[in-house]
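Asks: Requesting a structural model of the entry that follows:
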Amino acid sequence: MAMNDRLNPEGLRYAQAVAETKSFSAAARAYGVTQPALSNGIAKLEERLGDRLFDRSPRGVTQTAFGARILPLIEHALVALDAVAAEARRLTDPGEQKIRMGLSPLIGSHLVARAFSMVCELPAPRDLVLREANMQDLRECLVAGELDIILIPAVAAMPRFEHRVIDVEPIVVVSPESAEDAPLELEEAGKEQFILVPDACGLTTFTTQLFQAHEMPLHTYAGEAASYQVLQDWTKLGLGSAMVPRSRLTSPDVPHRPLMDQGREVQISFEAVWSADSPLNADLRRLADSLAAARQP
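Replies: Just a heads-up that it's a prediction; the model follows:
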């Protein structure tokens, strides 16, 4: 294919993500796309450039000699493209008074309330416009500039974006026989069967990563619950146990057990993610720092 064919910016971004993460699968997760879609985008880019950017082997992904020369140029090109988009937004909408915030369904109302109060304390008064969506949609909207900042569980890397941990929350286990409220060790929890929700909000990803990190098998119920309410209702039917952040309990009275790892509380972290290239970067950083400073011990 001729070298004067246009280069797809999406393919350039995929290539940069692989260069940063050294993994096709990690780069695909960061962009919220399937690995075949990312691989296909890079293959088309390599076809247009005339040579391979990466070598893949059982030991991982490495840059080819060609890639080592081209990838820094790709990074510079993307920085320039992002600068064009950011400056255009600044010039065409200088009076923008909104902060568009995306939320995972796993984000508790207490965190949303804190965000609302802190936006009111920013130097320039702004409105907070909320959108709740699944993790993939939130990441895609942030990359596309349709959201300014997202609050999500810290379970998937997003290279080239700013990150700030804004809250941590204990994980509790709701079981069919949760009459006692004594702490439950992770090793004992591994013997239970867990009901999962669709892998959209980040909870299933967290649960899976937790068991993988401890090299423990995760025994799951064959079906999926559509909501945290259903998740806890099904535990009452004896279908299995549920693992949720404490704030996601449908009621504080729901019998539950704190999940422990060798005596230490198992916690899930939540983070604010935004682009340093955003025209609102100063306010977004200030908001994220304020949320982090106010997080509950």
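Asks: number of nearby residues for residue 204?
Replies: 19 (other C-beta atoms under 10 Å). For the C-beta atoms, the positions are set from N, CA and C on the backbone; glycine is no exception.
Asks: ok now do it, which residues does it touch?
Replies: With contact set as C-beta atoms under 8 Å, 6 or more residues apart in numbering, residue 204 has these partners: 196, 197, 198.
Asks: Leaving out sequence neighbours, find the closest residue to the first one.
Replies: Here the nearest residue to residue 196 in space, its sequence neighbours aside, is residue 204; by C-beta to C-beta, 6 or more residues apart in numbering that works out to 4.9 Å.
Asks: Where does the residue lying closest to residue 23 once chain neighbours are set aside fall, secondary structure wise?
Replies: Closest residue to residue 23 apart from its sequence neighbours, by C-beta to C-beta, 6+ apart: residue 61 at 6.0 Å. Assessed by DSSP states H and E, residue 61 sits inside strand 60-63.
Asks: what does that strand rub up against?
Replies: Outside strand 60-63, the residues that touch it by C-beta under 8 Å, 6+ apart are 18, 19, 22, 23, 24, 53, 54, 55, 71.
Asks: Can you tell me which of those residues has the most neighbours?
Replies: Highest neighbour count within the contacts of strand 60-63, by other C-beta under 10 Å: residue 18, with 27 neighbours.
Asks: Against residue 272, how distant is residue 225?
Replies: Computed as C-beta to C-beta, to the nearest Å, the residue 225 to residue 272 distance reads 28 Å.
Asks: likewise residue 149?
Replies: 6 Å.
Asks: residues shared between the contacts of those two?
Replies: Residues touching both residue 149 and residue 272 (C-beta under 8 Å, 6+ apart): 284, 287, 288.
Asks: confidence score at the residue nearest to residue 23?
Replies: Here, the pLDDT recorded for residue 61 equals 90.
Asks: Please name the bridge partners of it.
Replies: For residue 61, the beta-bridge partners are residue 56 (DSSP bridges).
Asks: hang on, residue 278 in a strand?
Replies: No: checked against DSSP: H, G, I helix; E, B strand; the rest coil, residue 278 lies outside a strand; its state is coil.
Asks: How many neighbouring residues does it have?
Replies: When counting by other C-beta under 10 Å, one arrives at 24 neighbours for residue 278.
Asks: Between the two ends of stretch 143-160, how far is it?
Replies: 10 Å (C-alpha to C-alpha, to the nearest Å).
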